[in-house]
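Asker: What follows is a protein structure lacking sequence information:
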Ligand code: C2E
Ligand code: CA
Ligand code: CA
């Protein structure tokens with residue numbers, strides 16, 4: 001049987017068996033026409049239907065009687081060519097392909113019309129058309145490949161995604177869309193899944209025509225042909241690069257500090273957790289360090305936030321260079337940094353690194369044309385010695401850092417249990433200080449100031465004292481920073497101004513004429529109080545002249561460019577109230593800053609005065625400051641003069657005034673009065 005079939009596998013060259021040889025050709029034609037699926041009509045020269053087969057009757061839904069004699073009504077196309085016509089039969093629209101052939105019917109010319117119903121094919125075509133339009137205009141990139149991976153069809157979106165035109169894409173291999181940055185396994189994995197008839201879904205990194213890479217999420221589905229073989233594959237690509245970038249940015253924001261690019265506090269804590277787990281397994285130690293710059297606020301306030309940012313970046317870069325690959329350096333915000341040292345075998349190693357950090361900061365940093373001196377305070381807590389919990393270790397390192405700061409900075413401290421007690425003490429002290437004002441525990445001591453030209457006591461600096469009910473005398477070095485950070489400095493500062501006016505009147509009453517009393521004003525007061533109004537109204541109330549007082553403000557506060565500070569300074573200076581620049585030489589003021597600032601006196605910081613007779617550099621600085629002040633018409637006051645040698649040095653260089661233990665310690669008011677009286681009698 002096989003050999004005789006018309007199908008592809010059959011052979012055509014064979015003998016025709018006897019029993020199928022045609023005998024009655026008319027009968028055969030009739031049978032074909034009667035049983036054909038196509039409709040046959042014969043239309044005579046006048047256009048009237050003269051013959052129809054059963055298929056035609058079925059197509060039009062009419063009987064033979066109804067059809068015959070009817071006008072055909074359709075124009076014939078060219079001889080033998082298929083012409084599409086649309087007709088309505090039995091109320092339904094039909095798409096029909098018509099082939100008209102000339103013939104002769106009962107001796108007359110006529111036309112044989114063959115009609116085949118192509119409605120189903122048309123519907124399929126329309127459907128395909130809709131599908132392909134949808135694919136063509138879809139927002140996702142779509143391409144169809146054959147088994148070899150050759151691209152057969154692409155849509156518009158894929159042209160846009162890849163940058164290649166359709167003509168270039170068709171014929172390319174799908175692998176050529178890749179960037180080569182995906183590992184081989186993903187491609188072999190794709191092939192394996194697809195040939196097994198499964199879908200593949202995953203991410204691929206592709207390369208645009210312009211060379212840039214982008215990431216897609218791709219779904220590839222095998223399409224079986226009529227025989228069930230997977231001959232083609234449809235891939236849909238979604239460009240997710242933008243989404244990934246947004247995700248990256250969010251991760252970056254949530255885990256890294258934007259100024260330095262270092263991990264942030266959150267990320268630091270996460271890394272510390274893993275470091276502790278590793279250390280636990282390996283039986284090693286971990287050191288947690290917290291670092292805070294000692295004078296960062298001053299830089300921020302005097303030079304502005306941009307300078308502060310630059311400084312932080314420079315410091316971060318310097319310290320990063322000292323880190324080993326296993327260490328973590330993080331920025332917690334502001335001038336706070338965190339460091340994790342893993343694999344600490346002995347604390348001596350951690351010690352050395354901390355020293356290296358402090359040393360590397362000694363080199364001044366160039367910021368906006370100024371050389372800034374920076375130093376830091378570092379606190380260290382160790383795992384497992386101090387604690388095993390990350391957050392506890394961070395808190396303990398922080399406590400140790402505060403301790404280092406309290407010791408004057410530029411140093412490091414290991415956490416120990418007593419520090420907890422220390423913090424509690426500080427909190428207690430703050431609440432004590434709140435009541436100190438009302439209870440009258442605060443008072444002013446006065447340190448005499450000597451005019452070196454005529455050897456007369458011409459003034460005094462008022463220095464605050466606190467008689468704590470249980471602790472005795474607490475030094476201002478301890479409670480002034482506390483008062484500043486808690487805001488208590490404002491009521492305390494108000495009290496100082498009132499008190500100093502009261503004392504000034506009392507000193508005059510005791511016969512001490514023309515004493516100028518200096519008092520220290522904190523930056524917080526300059527920022528939050530109307531000092532001009534406050535000082536003048538207190539002077540007026542006490543009936544004191546403008547020259548009775550002198551405001552000491554530190555260099556760093558004086559250089560602050562904020563509106564409020566400038567206003568205060570300008571108003572005070574315009575009213576003729578004397579302003580001294582305190583601790584001169586320790587801050588960041590430059591000569592040009594100084595010229596713009598209406599100051600009357602410069603107080604040379606005690607740290608330089610102390611070096612007189614011992615350190616040539618200090619002597620040079622003192623000399624330079626004196627000359628600078630003289631050239632600018634300022635009074636120079638030397639602080640902390642303790643030896644006769646220092647006094648002589650200052651006198652030889654024409655320094656105007658001095659104060660210090662050599663002359664007198666700060667004294668309670670009554671002792672101060674007696675001291676000045678005695679001094680004047682001798683002089
Ligand atoms: P300061 O303004 O630089 O005050 C000078 C400090 O040096 C005073 O310390 C004084 O007692 C000390 N001193 C004076 N002569 C000598 C000396 O010859 N040798 C040594 N070693 N020290 C000397 P004190 O009274 O402990 O004050 C410390 C700081 O506390 C002051 O530094 C000032 O910044 C602040 N302070 C003191 N009183 C007040 C105040 O009423 N208001 C404000 N805001 N701050 C104050
Ligand atoms: Ca002072
Ligand atoms: Ca001072």
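Answerer: Yes, it's here. These numbers were taken from a predicted model, which means no experiment stands behind them. Numbers count the residues shown, from 1 in each chain. Ligands and ions are numbered 1, 2, ... in the order given.

Asker: Tell me how far whatever residue of the stretch 251-400 of the chain ends up closest to ligand 1 lies from ligand 2.
Answerer: Residue nearest to ligand 1 within the stretch 251-400 of the chain (C-beta to the nearest ligand atom): residue 298, separated by 13.4 Å. Using the backbone N, CA and C atoms, a C-beta is placed for each residue, glycine as well. Remark: distance between residue 298 and ligand 2 (C-beta to the ion, to the nearest Å) = 16 Å.

Asker: Backbone dihedrals for that residue, please?
Answerer: phi -60, psi -40 (degrees, to the nearest 10).

Asker: hang on, isn't it packed against residue 556?
Answerer: Yes - between residue 298 and residue 556 there is a contact at 4.0 Å, judged by C-beta atoms under 8 Å.

Asker: which residue sits farthest out from the middle of the protein?
Answerer: residue 107 (96.3 Å; C-alpha atoms, centre = their mean).

Asker: per-residue confidence for it?
Answerer: Each residue has a pLDDT score; the one for residue 107 is 91.

Asker: tell me the phi and psi of it?
Answerer: Dihedral angles (degrees, to the nearest 10) for residue 107: phi 80, psi -10.

Asker: ok now do it, which residues does it touch?
Answerer: Residues near residue 107 by C-beta atoms under 8 Å, 6 or more residues apart in numbering: none.

Asker: sorry, back to before: residues near the residue of the stretch 251-400 of the chain closest to ligand 1, how many?
Answerer: When counting by other C-beta atoms under 10 Å, one arrives at 22 neighbours for residue 298.

Asker: Over to residue 189?
Answerer: Quick note: residue 189 (other C-beta under 10 Å) scores 13 neighbours.

Asker: Name the helix or strand for residue 56, please.
Answerer: helix 54-60 (DSSP states H and E).

Asker: And that helix, what's buried?
Answerer: Within helix 54-60, the residues that count as buried by 16 or more other C-beta atoms under 10 Å are 55, 56, 57, 59, 60.

Asker: Max pairwise distance over these: which two?
Answerer: Distance extremes for those: the farthest pair is 55 and 60 at 10.0 Å, using C-beta to C-beta.

Asker: Overlap of the contact sets of the two?
Answerer: residue 39.

Asker: could you point out which element follows the helix or strand where residue 569 lies?
Answerer: Using DSSP H and E, residue 569 maps to helix 563-574. Per DSSP H and E, the first helix or strand lying C-terminal to helix 563-574 is strand 578-584.

Asker: helices or strands next to that next one in the packing?
Answerer: The contact analysis (3 or more C-beta pairs under 8 Å, 6 or more residues apart in numbering; DSSP states H and E) places strand 578-584 against strand 516-520, strand 549-554, helix 555-558, helix 563-574, strand 601-604.

Asker: Least confident of these, on average?
Answerer: Across the helices and strands packed on strand 578-584, the lowest-scoring stretch is helix 555-558, with a mean of 78.

Asker: Which elements pack onto that one?
Answerer: Counting by 3+ C-beta pairs under 8 Å, 6+ apart, helix 555-558 packs on helix 296-303, helix 523-528, strand 578-584.

Asker: from the middle of its chain, how far away would that helix be?
Answerer: Per C-alpha atoms, centre = their mean, to the nearest Å, the displacement of helix 555-558 from the mean C-alpha position of its chain is 32 Å.

Asker: and what of stretch 297-304?
Answerer: 23 Å.

Asker: One more: stretch 394-405?
Answerer: Distance, stretch centre to chain centre, for stretch 394-405: 27 Å (C-alpha atoms, centre = their mean).

Asker: One more: stretch 71-88?
Answerer: Worked out by C-alpha atoms, centre = their mean, stretch 71-88 lies 74 Å from the chain centre.

Asker: Ok, stretch 435-448 next?
Answerer: With C-alpha atoms, centre = their mean, you get 48 Å for stretch 435-448.

Asker: Repeat that for stretch 610-624.
Answerer: That offset, for stretch 610-624, works out to 47 Å (C-alpha atoms, centre = their mean).

Asker: Could you list the residues in contact with that stretch?
Answerer: In contact with stretch 610-624 (C-beta under 8 Å, 6+ apart) are residues 585, 604, 607-609, 638, 640, 642-643, 645-646, 649-650, 653, 655.
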